[in-house]
Structures are given as C-alpha cells and as structure tokens.
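> what's the 3D shape of this:
(chains A and B)
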Amino acid sequence: MGETEDGVRPQRTVFVTVGTTCFDALVRAVGTRDFQQELSARGYTHLVIQMGRGTYTPKKLKQSDGEDGSLVVDYFTFSSSIADYLRSASLVISHAGSGSIFETLRLGKPLIVVVNEDLMDNHQSELAEELAERKHLYCARPQTLYKTIADMDLESLLPYVPGDATPVAKIINRFLGFLDD
Amino acid sequence: MPFPMQIMALGYVVAALTALVLLISIRFLYVVHRSGKLLHGKSQRSYSTLIVLGSGGHTAEMLNLLSVLEKDRFAPRFYIAAATDNMSLQKARLMEDSMSDAAGVKVGKTAKYLQIYRSREVGQSYVTSVWTTLVATTHALYLMIQLRPEVILCNGPGTCIPLCAIAFLFKVLGIRWSSIFYMESIARVKRLSLSGLLLYKLRVADQFFVQWPQLQRKYPRAEYVGCLM
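Next up is the predicted model:
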C-alpha cells in the first residue's frame, strides 16, 4: 500500500480486529458517523473491520459513495491473512486478546486496545491496562473509543521490545539436571 | 469356631487398610516435600515431555518457549490440545517441521499430536463445567496412562488441570515421577488464572513462572521470568 497516484491522498488504513470473539459493541462504535468523520479528519482514508462472530454489520462505504476525502469502509468476518491486514495498517484497533496485542506490537503498529466488558471472566483488561501504563498502546472501552481517537498522540507511544523465553528454558534445564553450555 | 476367625480376618483387613492409607499419606507428604526440588545430579538422557497447548495467546506463548528448548533433551514430545481447538496443533506442527537439531536432522519425528476433551469452554457456566470436567478427566486418565510423561509443560487454561492432577496422582502411587512446569499467561498481570491458582495453592507445579513482577510479589513461591512475548 502506501502512496497512490498523484493528487490522491496516500492510503492510510485503520484495521479493526475482534479475533475469533463476538464484540458487537466495538463494531458498533467504529460504525458510527462521528467516529468515521474523526478518522477522516485525522488523515485516515480506509477503515477495514474484521468483525468475527458478531451479528451487527456495519455499513460499507465506497469511494464513490461520499464526497472527496471521505472514509472508505469495508468489513469481513474472518480471514487467514490477518497478518497482512495488520502489516498494511497505519493504526490497529483490536480486542484485548494477547495474541492480537503482541502480533500488532511486534509489527510496530500504533495500537488501541478496546476491552470487551461483556466477557464473563474479564481478566483481559489487566494486560491492556498494564501495557497502556507502559505507553506501548492506548486502552479504551467501546464508549470511550471516540474520545481516545480524538485525544491520542501516536508520537508518545513507546516501541515494545519483544520478550524472551530463554530465562524460563534455563530454569527448566537446571531443574532437570542439564548442564548449561 | 468360625466367628473369631471372621473377626480376626476383619482385623487383618482393617490393619492392612490402615497401613495402606498410612503408606499413601506418607508417600503423599513425601511427594509434596520432594516436588519443586531439583532432580538429582547431572542428566544426560532425554525426558518424554507433554506440552499442553491452550489456544490463541496461550499457544503462542508456549511455542515461544518450545522454540528455545533443546529438542534432544525433551523427547519424545507429546502436544496436546482441546478437541475444539483446530489451530493449536497445526501451529505446533508448523513449528516442529521448521526446526532441525544441531546436526541438521529434522526433529519433527519425535513429536506426536493429540486432542483432549476440554473441561471448560470460555464463557461456560461453572455449574455445567462440573460434568464436562468429569468427562475430560476420564479422557485425560486414558491418555496419561498411555503417555506417562516425565516432564509436563503447561500454561493454562483448564485443559491442563486434569492432566496435572493425574500426573500428581502417578507421583503419589509411584507410577511415574514427573516434573510439572507451569507458566502463567502474560495476560495475567495482577491475579492468577483459576488453573494457575489451583496448581500454585495445591503445590502441584514443581516450578511456577509468572511474567509480571506484581504477581511474583503476591505469590512469592512463583518465579518471575519477564515477558515471554
């Protein structure tokens, strides 16, 4: 993606992903006109929604539907190439699953994690809040997402340095009596 | 005189039962005492290893660990995942197939892939999970009798509980001594998961790893190892 023909704005895509969950509250929040206008105002040109098992379908918008400079909106349920969507995105809005979070952070993409408050055992907010405190991402709820987008300063986010499993491997090896080489 | 004979026989049975219960109790205490301590001496051989895959983020974390473990030390490797989880075993297979040992020989041959009924699906109520846990435990027992692993690696969720409970039982009964390593998910920052809490409190896990310092402060027997992802 990136730059397109002369005179056309470079494509900047916001990718929304809910993983394998059902998270209609998020899909609804990104489907609102206010929200999409805010994205447009911030220079984003496309909004792609991976809506998972949700039942609420947002409205698709083609380039020709609106006036010049309006947001192009598309959605799908599942895809085997989520990684490609993440890679080509300029901003990722994700559910709070750790898989999505770390995949996005590893790609160095700006990330807003939206916590699903309808889950029974809602431990997921712990990780998102901790990483937000460390300034690796923004953490929001469906109802505060608009404000988060309006107030966000992507420059202030810090890159995430991927973790390392070797300390665990070392302890396990030592425990079992393997000599360290 | 049949009457005193019967009494005597009963006496023997009671004595034998008491001895057995006593023996198992002593063995139980020994296992609890011995768990968590380093295995004796230096090891040269390989350990048959059971790897319990959790789904989604759990699987990614586990495979991250597997990618840095020496495959010749942990062999054969049995990967186990919930029957409803189609992705995890596929990912494990992908990782195994992509790896070769130091001599350039493919290591994937020492890996096997198995499925297990799950004790509790995400979002399932705690009441119905009593029954599903029973089914899962029976299936787990069948698998564990076949595999009898020496090392168990798990990081939640519920799938690992029946397997670890049976492994602990095998230790008490002297069927198989296994070392159980539990790695709490990176998603747990302030509180342990239910699986983690059970294995920690009941001292079933020989080594218990957490990925955030806050958790280590709360659960001092846990080992803080930093983020795996």
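
> name the element the residue nearest the centre of chain B belongs to?
Nearest to the mean C-alpha position of chain B, counting by C-alpha atoms, centre = their mean, stands B:C164 at 3.5 Å. Assigned by DSSP states H and E, B:C164 belongs to helix B:160-173.

> that helix vs chain A: in contact?
No: for helix B:160-173, no contact with chain A is found by C-beta under 8 Å from any C-beta of the partner chain; the gap never falls below 15.2 Å. Any C-beta I mention is one placed from the backbone N, CA and C, and that applies to glycine too.

> from the chain's centroid, how far away is that helix?
Counting by C-alpha atoms, centre = their mean, to the nearest Å, helix B:160-173 is centred 7 Å from the centre of its parent chain.

> break chain B into its domains for me.
B:1-34, B:46-224 (automatic domain parsing).

> for the residue nearest to the centre of chain B, which non-adjacent residue is closest in space?
The spatial neighbour of B:C164 that comes closest, neighbours along the chain excluded (C-beta to C-beta, 6 or more residues apart in numbering or on different chains), is B:V204 at 5.2 Å.

> check contacts around that neighbour.
B:35, B:164-165, B:167-168, B:180, B:198 (C-beta atoms under 8 Å, 6 or more residues apart in numbering or on different chains).

> which residues in the chain form strands?
Reading this off chain A. In chain A, the segments counted as strands under DSSP state E are A:13-17, A:46-50, A:72-76, A:91-94, A:111-114, A:138-140.

> oops, wrong one, chain B.
B:47-52, B:74-82, B:111-116, B:151-154, B:179-183, B:207-210, B:223-224.

> neighbouring strands - and their directions - for the fifth one?
In other words, strand B:179-183. strand B:151-154 (parallel), strand B:207-210 (parallel) (DSSP bridges).

> just the second one next, same as before
Applying DSSP bridges, strand B:74-82 is found paired with strand B:47-52 (parallel), strand B:111-116 (parallel).

> ok, the last one next?
Using DSSP bridges, the strands paired with strand B:223-224 in its sheet are strand B:207-210 (parallel).

> quick one: contacts of the strand it pairs with?
Residues contacting strand B:207-210 (C-beta under 8 Å, 6+ apart): A:168, A:171-172, A:175, B:36, B:179-184, B:188, B:192, B:196, B:199-200, B:216, B:219, B:221-225.

> what is the burial count for the nearest residue to B:K42 once chain neighbours are set aside?
Spatial nearest neighbour of B:K42, excluding adjacent residues (C-beta to C-beta, 6+ apart): A:G177 at 5.3 Å. Residues lying near A:G177 (other C-beta atoms under 10 Å in any protein chain shown) number 15.

> comparing the domains of chain B, which comes out most buried?
Each of the domains of chain B was scored by mean neighbour count; the highest is domain B:46-224, a mean of 19, by mean count of other C-beta atoms under 10 Å in any protein chain shown.

> what's the span of that one from first residue to last?
26 Å (C-alpha to C-alpha, to the nearest Å).

> next one: that domain to chain centre, how far?
6 Å.

> check stretch A:25-41 too.
So, by C-alpha atoms, centre = their mean, the centroid of stretch A:25-41 is 14 Å from its chain's centroid.

> so which residues make contact with that stretch?
A:14, A:16, A:18, A:47, A:49, A:51, A:54, A:56-59, A:61, A:69-71, A:73, A:75, A:93, A:95, A:114, A:116-118, A:142-143, A:145-146, A:149-150.

> which of the residues you listed fall in helices?
If you go by DSSP state H, the contacts of stretch A:25-41 have A:145-146, A:149-150 in helices.

> please pick the buried ones from those residues.
A:145-146, A:149 (16 or more other C-beta atoms under 10 Å in any protein chain shown).
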